[in-house]
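Undergrad: Sharing a model prediction with you, sequence too.
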Protein chains: 4
Amino acid sequence: MMLKDKWFGDHITPHIVQLHVIDNIVYSGQTRFQHVEILDLKGSGRCLVLDGKIQSTEQDEFIYHETLVHPPLILHPHPRRVCIIGGGEGAILREVLDHHTVEKALMIDIDEEVVGICQRFLPSLHKGSFYDPRVEVIFADARRHLEETDGTFDIIILDLTDPLPGGPSSSVYTREFYSLVRERLSPGGIVSVQAGCSSLGNISVFTQVNHTLASVFPYVFPYEANIPSFGSNWGFCLVSPDNYDPLSLTSEEIDRRIAERVTDRLRFYDGITHHGMFFLPKYLREGIKGEGRVITDENPLENLWD
Amino acid sequence: MMLKDKWFGDHITPHIVQLHVIDNIVYSGQTRFQHVEILDLKGSGRCLVLDGKIQSTEQDEFIYHETLVHPPLILHPHPRRVCIIGGGEGAILREVLDHHTVEKALMIDIDEEVVGICQRFLPSLHKGSFYDPRVEVIFADARRHLEETDGTFDIIILDLTDPLPGGPSSSVYTREFYSLVRERLSPGGIVSVQAGCSSLGNISVFTQVNHTLASVFPYVFPYEANIPSFGSNWGFCLVSPDNYDPLSLTSEEIDRRIAERVTDRLRFYDGITHHGMFFLPKYLREGIKGEGRVITDENPLENLWD
Amino acid sequence: MMLKDKWFGDHITPHIVQLHVIDNIVYSGQTRFQHVEILDLKGSGRCLVLDGKIQSTEQDEFIYHETLVHPPLILHPHPRRVCIIGGGEGAILREVLDHHTVEKALMIDIDEEVVGICQRFLPSLHKGSFYDPRVEVIFADARRHLEETDGTFDIIILDLTDPLPGGPSSSVYTREFYSLVRERLSPGGIVSVQAGCSSLGNISVFTQVNHTLASVFPYVFPYEANIPSFGSNWGFCLVSPDNYDPLSLTSEEIDRRIAERVTDRLRFYDGITHHGMFFLPKYLREGIKGEGRVITDENPLENLWD
Amino acid sequence: MMLKDKWFGDHITPHIVQLHVIDNIVYSGQTRFQHVEILDLKGSGRCLVLDGKIQSTEQDEFIYHETLVHPPLILHPHPRRVCIIGGGEGAILREVLDHHTVEKALMIDIDEEVVGICQRFLPSLHKGSFYDPRVEVIFADARRHLEETDGTFDIIILDLTDPLPGGPSSSVYTREFYSLVRERLSPGGIVSVQAGCSSLGNISVFTQVNHTLASVFPYVFPYEANIPSFGSNWGFCLVSPDNYDPLSLTSEEIDRRIAERVTDRLRFYDGITHHGMFFLPKYLREGIKGEGRVITDENPLENLWD
C-alpha cells in the first residue's frame, strides 16, 4: 500500500478513518436524496457507498444481511408477509426470499435511482431477487406510505442508512415512526432494526435507538455482529409486542428451523451464531441500561458526529 | 480531521489501514528487539505501539486484558501461581493481581526497555502492579527460560506480539513452544493465548494458532472480543490438558466466582460476556475446522502479510 | 512510508494535500491568536506550523528567508533602519542583521507566545538574533502600532501568515495597510512582501496582493522562488515609491554588493539567483496583468479556500 | 477533502507524499513494461500515471511540454527533422508540430499499449498529432533502434520516464546512450532532456544526469520549471556539440522567432520565461558543480529511492 495506490476513506469515529485501497470506481453520482458510489475495493470486492459511508461489500455483506433477516424470521412460527424498509441493494430481499414460508415481500425504498444502480452494478448482492414474483417494490417515503396504507406484516425489517441530520433517514428512527411500524404488525409480528455502531466509544446511536424502541415495544432484544468493512461491531434490535426471547430456543431448534425453512446454505448464521449475537458485553448492556433519551420528531437523535 | 491533523496509520489488512489522529508523540525509539512508541491518540488516549502495531490504548485496553486474563482464572477452581509471558504494559499483571487467590505472578518479558518505558509512561495501565510483593519480573527469552527452569503454574498467559517473521515472537507460537508450556502446568492448569485477528478476511493466524494448540492440548476453546483500536475482532484460545468447557458454568456461577474472588469492578467481563465470547460465528468455526497447518520451528506461520 | 508511520497533512490546494512523515511533535498548543506546532519532520528537520500550515522547515527555510530579505536590502544603496512585520521565527532578523549597514532592526509581531516558542525550540532558525543590540522587538498589532508611532524605515519587510478570514493577518493585506506602510518609508525606501502561492492553479492570492500593492505604490516587482516544504512556488513583491528595477543591476554588481555588505555565506541568493527570480513565467505575468481586484478593509481578499 | 473522498498518493520524496482527490479511474492496467493509469483528478483534470508517478495532467501539462520542446527548437536556426524518444502522450509531438519548419517528426516509444491508451483517453493532450502526415511512430527499444539505423536529426528530445532500477528507462540515462544520441545529431543539432526533480532535497538524479551529459557533450545548459502536479520543480538539460548559449538570445529575439515559426499561442513559454528558466538558484548550480558521478551501463544511477 502507498506507492501506486488509490484510497477511499471512511470515517469510523471522529478521530479514526479507515482507508481502503480502490481497484476501480464503477459509478459515482448524486441522486435526489444522497451521494452514491459503486467502488471495487481490493480485498473487499465491489461495494456500495452512500453519502461517504460503506453500506455493503461483496466480501462481508452476508454477515450484515443474515444478521438483520434471519433472527426474526426464524423466531417467528410461520412468517408469510414481510415488509422491508430501505434495503436498496436487494440483499435483504435475497435472504428473505430464501425462506419457503414467505409469500409476499414488500420493499419500500425512498431512492429509486440507488435501487436502479444496485440492480445494474451489484448483481452478486441481489441475485435477481427483484424479479421474484413474491416481490413488490415501492419507491416512496416509507413513513408516509405506511401512514396512507393499511396492510399488516408478520415481519418488518428496517434496513435504513444512518440517521444523519437532514439525510433521507432522519425521520425513520423516531418514536413516532416506530409506533407506526407497530401498528402495521400482524398478531405475533416481529421487527428487526439496523441500529448503528456498537463498538466501545461509539455506541450512542445504538443506545438511543434501543431506548426509543423500548418506549414503543415491550420486548426489545439488542444484538450485534462484527462487520469488518464497517471497521467495527454493528448493533441490531429485535423487537415485538410479544415476548420472543431469542435465547429461549436452543441452538439445535434454530438449526432445525433453518433446515426446514431456508433454501440456501448460510455462511454466518446458525444456532450457535444466534446465541453468540444476543450475549452483549457488559459495557454495552450498561450503556443501554443507562440511556435515557427517546428520539422523537421534536427531539432528534443526538451525539452524531460527521 | 485533515487540515491541521497529524495521523498514525495502522495496517488492519494488506488493503485496509486505520488512521488515528495523534495528539502527541510521548516516546519513540528502538530497543534491541523492536520499535516502540507511546502515542496520545485523540479519542483513544495514551497507547503503546510496537513495530507499528497498536498494542493497547487507554480507552479500550480493559477489553483485551479482561478477555485474556479472567476466563482461565475464573474457570480454574483456585488459581495460586500464574505465569505471564509477554505483557509488557503491566495490565495483565494488574488483572491477575485482582484475584485474591493469586499468591505468585511471574512475568517473563524479553524486552526490559519496553517494560521500563511502560512503567514510566503508562501508569494508568499497570497501576503500580509491578511493585506488588507477589510479583516477580524476569527479562529473558521465555522459551529458553522455561527450558532451563522447572517451576509449574496453575495458569499460564501468553500475551505475545504477533509472530512477524524475524520479530521477537516468531519462536513462541510453535508446537514446540506450546509443548514446553504444557509441561510447566500444574495439574488442572489452564493456558490462555492471544491468537491474532479473528475478523472475516483475516483469520489465518488465528486458525493456525488454534490448530497448533490442538496438536498439543486435548481441549482448545477459541473465543473472541471486539477491540475497537485494533479495528477488528480479536481471537483468543483457552487450552488445557483437562476439560474446562467454558460453557459448562452458568452465567450466575461465573458472576458468583467474580464476586468472591476479584477485587475490582470489571467493565467488560462477567457471566453474560463470558458466554457470548465462546459462541463463535459459523464462518470462523468452519475456518478453524478446515485449518490443517501446524506451526513448528521448521514450518513457521504462513500467510502473514506486512 | 506507511507501516509504522506518523504523518502531518498540509493542504496545498483544496484538492491536494502533502503528507510529511513526523519524527516527533515537539510542541503543540493554542495561543491567543493561532494554533502553533513545532514538529520534527523526517527529511525536512524541525519546523514551525501555524494554523495547520508549514511556515518554515530547517531544511529549506533559507530559501524563503533569503528571498524575502536580500533583494530589497541589496537594491537599496545603504539600508540602515529595517522594520520587520511578523517574522516570528527570528530568521528574517537573522538575515537582516547579516547586513553590516543595518543599525536598527525593529520587529513587530502580534503573537508573543509564538515568538517565545520559536526562541526556545528553533535556535537553528533565529541563531540568537533576538539578542543582538541592534534589535528591538515589539509585541503589538502592527497596523495599530504603525498608526500610533511615527518612525520611518529604509526597508520594511512584511512576513505575515496567509490572510485567512478571521485570522491574525486579515487586516494587513489591504490597501489601507499598504498606504500606512508607504508613509513609514524613508526617502528611497523599499518594501518586500510575502505574497502567497504562485504555482499554476493557485495564484489568486498572489495576483490580488500584486494588484493591491499597485494601487498604492508606483513600482511593484513580483518575483518567486520554489519552497519544497510548501509544495509549490511562492510569490513575493518588491515595491517602492521609487523605481528600483531589480533587473537593472548586473549579476556581478549584485555579487559585489553581497561581498561588501553581508557577513555570512548565502546558500540561495546571489546575482544569478536574483535575475532568475524576477523573470516570471508567461501565465503568471498574464494572471497578474488580468487581475482587477483591490483588497480593502471593505472588500477583503477573495477566492481563499480552506 | 476526507469524508466521501477517494485519493491517489504520489511520492514526492521518500518522506513526502502528495495526495490528489480522485474523481474517476478511467483506466488501470499493466502493459508489458509498466503499470498505467488514466485518472480524473479533481482540480487537475485527466492525467496519465506510469508506475505510480504522475506523468501529465490536463491542467499543467503545457508547462512540461513547452519547456522540453521550445528551447531547443527556438535556439536552432531551422529545425527540420526532430526525433522524440518516449513522449507517449503525444503532447511533445503536438508542440513540435506547431513549428512550421518541422518536416519530419519521428517518435520512438517502447510501449505501444501506453500510446494506444493515450490516443484513446487523452485526446486533449495529443490533439490528433499522431495523424499528422509529418509524423512517424515506431514502437521499439530506442537504444537498439538508434544503434541499428542511421538517420540524423536536428533536434532530439528525450522524454523518458524516471530511470527506476529495472524499469523501462534504466538504460537510456547512461553515457553510452547519450554518445549514441550525439552520433544521430545533424551538424548544429541540439538535444533536450527531461532530467528529474530539481527541488532542494531531491536533486541527485538531476545532478547525475547533468554530469553524465557533460561527459559526452561540450555544452550542457541545465534549466528548470515548476510543475504543480509533480509537487516540485523539474529539471531539464539543453545539450549540443555546439555552443547555443540560451542566454545569448534576447527576449525580443526569442519572441520574434516564436511569432515567425510557431502556430499556436503558447501559455508558458516566451522570451521572458526562457530567460528565467536558465537562471538556476545557487544551491542547484553548486549541486551540479559538485557532482562527480557519471552514469554508465556498469555504474547505474545512484541515490534513487522508491
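TA: Nice, thanks for sending it over. Given the structure is predicted, the values throughout are model-derived calculations rather than measurements. Residues are numbered from 1 along each chain as shown, chains lettered A, B, ... in the order given.

Undergrad: now the nearest residue to residue A:16 once chain neighbours are set aside, what's its secondary structure?
TA: Of all residues not flanking residue A:16 in the chain, residue B:20 sits nearest, at 5.6 Å (Cβ to Cβ, 6 or more residues apart in numbering or on different chains). C-beta: built from backbone N, CA, C; applies to glycine. Applying DSSP: H, G, I helix; E, B strand; the rest coil to residue B:20 yields a three-state assignment of strand.

Undergrad: How is chain A partitioned into domains?
TA: Here the domain assignment for chain A is A:7-57, A:61-290, based on automatic domain parsing.

Undergrad: Give me the distance between the nearest residue to residue A:139 once chain neighbours are set aside and chain C.
TA: Of all residues not flanking residue A:139 in the chain, residue A:112 sits nearest, at 4.1 Å (Cβ to Cβ, 6+ apart). To chain C, residue A:112 is 32 Å away according to Cβ to the nearest Cβ, to the nearest Å.

Undergrad: picking that back up, which residues touch the residue nearest to residue A:16?
TA: A:15-16, B:7-10, B:39, B:41-44, B:54, B:229 (Cβ atoms under 8 Å, 6 or more residues apart in numbering or on different chains).

Undergrad: Cross those against strands and list the overlap.
TA: The members of the contacts of residue B:20 that map onto strands under DSSP state E are A:16, B:7, B:8, B:9, B:10, B:39, B:41, B:54.

Undergrad: hang on, the earlier thing: is the residue nearest to residue A:139 in contact with residue A:138, as I believe?
TA: No - using Cβ atoms under 8 Å, residue A:112 makes no contact with residue A:138, being 9.8 Å away.

Undergrad: Between these two, point out the one with more neighbours.
TA: A side-by-side neighbour count of residue A:112 and residue A:138, using other Cβ atoms under 10 Å in any protein chain shown, places residue A:112 first with 16 against 13.

Undergrad: Do you know the pLDDT at the more buried one?
TA: You'll see residue A:112 listed with a pLDDT of 97.

Undergrad: Could you identify the most distant pair in the contacts of residue B:20?
TA: Taking Cβ to Cβ as the measure, the contacts of residue B:20 span a maximum distance of 15.7 Å, between B:9 and B:43.

Undergrad: Name the residue in the two with the higher neighbour count.
TA: Using other Cβ under 10 Å, the more surrounded residue of residue B:9 and residue B:43 is residue B:9, with 22 against 17.

Undergrad: how close does the more buried one sit to residue D:17?
TA: Note on residue B:9: its distance to residue D:17, by Cβ to Cβ, to the nearest Å, is 11 Å.

Undergrad: and of the domains of chain A, who's closest to residue D:234?
TA: domain A:7-57 (25.8 Å).

Undergrad: average pLDDT for the closest one?
TA: Here the average pLDDT along domain A:7-57 is 93.

Undergrad: From one end of that domain to the other, what's the distance?
TA: 15 Å (Cα to Cα, to the nearest Å).

Undergrad: element containing residue A:89?
TA: For residue A:89, there is no enclosing helix or strand under DSSP states H and E.

Undergrad: Also residue A:101?
TA: Using DSSP H and E, residue A:101 falls outside every helix and strand.

Undergrad: Can you give me the pLDDT of it?
TA: pLDDT, residue A:101: 98.

Undergrad: Residue A:80 now?
TA: 98.

Undergrad: where does the stretch 201-306 of chain A have low pLDDT?
TA: Along the stretch 201-306 of chain A, segments meeting pLDDT under 70 span A:303-306.

Undergrad: Please, where are all the helices along it?
TA: Secondary structure of the stretch 201-306 of chain A by DSSP state H, counting those that start in this stretch: the helices cover A:204-214, A:251-261, A:271-278, A:282-290.

Undergrad: I'd like to know which of the ones you listed lies nearest to chain B.
TA: helix A:271-278 (2.8 Å; Cβ to the nearest Cβ).

Undergrad: Tell me which residues are up against the closest one.
TA: So helix A:271-278 is in contact with A:67, A:70-71, A:74, A:221, A:223-225, A:236, A:246-247, A:249-255, A:258, B:275-276, B:278-282, B:285, going by Cβ under 8 Å, 6+ apart.

Undergrad: Name the residue of the stretch 101-250 of chain A that lies nearest to chain C.
TA: Closest contact between the stretch 101-250 of chain A and chain C, by Cβ to the nearest Cβ, is at residue A:231 (17.8 Å).

Undergrad: ok, that residue - contacts?
TA: A:10, A:12, A:16, A:18, B:12, B:16, B:18, B:231.

Undergrad: and which of those residues is nearest chain D?
TA: Each of these was scored against chain D by Cβ to the nearest Cβ, and residue A:10 proved nearest at 8.4 Å.

Undergrad: what sits opposite the closest one in the beta ladder?
TA: Listed beta-bridge partners, residue A:10: residue A:18 (assigned using DSSP bridges).

Undergrad: Give the burial count for it, as a bare number.
TA: Count around residue A:10 with other Cβ under 10 Å applied: 20.

Undergrad: I figured it hits residue A:18, correct?
TA: Yes - under the criterion of Cβ under 8 Å, residue A:10 makes contact with residue A:18 at 5.0 Å.

Undergrad: the helices in the stretch 1-150 of chain A, which residues?
TA: Assigned helices in the stretch 1-150 of chain A, in chain order: A:61-75, A:91-97, A:112-121, A:123-126, A:142-148 (criterion: DSSP H, counting those that start in this stretch).

Undergrad: Residues contacting the shortest one, please?
TA: With contacts defined as Cβ under 8 Å, 6+ apart, helix A:123-126 is touched by A:45-46, A:48, A:56, A:58, A:61, A:89-91, A:93-94, A:118-119.

Undergrad: at 7 Å instead, please
TA: A:56, A:58, A:61, A:89, A:90, A:91, A:93, A:94, A:118, A:119 (Cβ atoms under 7 Å, 6 or more residues apart in numbering or on different chains).

Undergrad: And stretch A:248-265, by the same measure?
TA: Applying Cβ under 7 Å, 6+ apart, the contact partners of stretch A:248-265 are A:74, A:98, A:99, A:100, A:101, A:266, A:270, A:271, A:272, A:274, A:275.

Undergrad: And that stretch, what's buried?
TA: A:249, A:254, A:255, A:257, A:258, A:261, A:262 (16 or more other Cβ atoms under 10 Å in any protein chain shown).

Undergrad: Just send those back as CSV, with distance to residue B:85 too.
TA: Below are those laid out as CSV (distance: Cβ to Cβ, whole Å):
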residue, distance to residue B:85
A:249, 41
A:254, 39
A:255, 39
A:257, 45
A:258, 42
A:261, 48
A:262, 45
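
Undergrad: Tell me which two of those residues sit farthest apart.
TA: Within those, two members stand farthest from each other by Cβ to Cβ: A:249 and A:262, at 14.9 Å.

Undergrad: what's the closest non-adjacent residue to residue A:129?
TA: Using Cβ to Cβ, 6+ apart and skipping the chain neighbours, the partner closest in space to residue A:129 is residue A:93 (4.0 Å).
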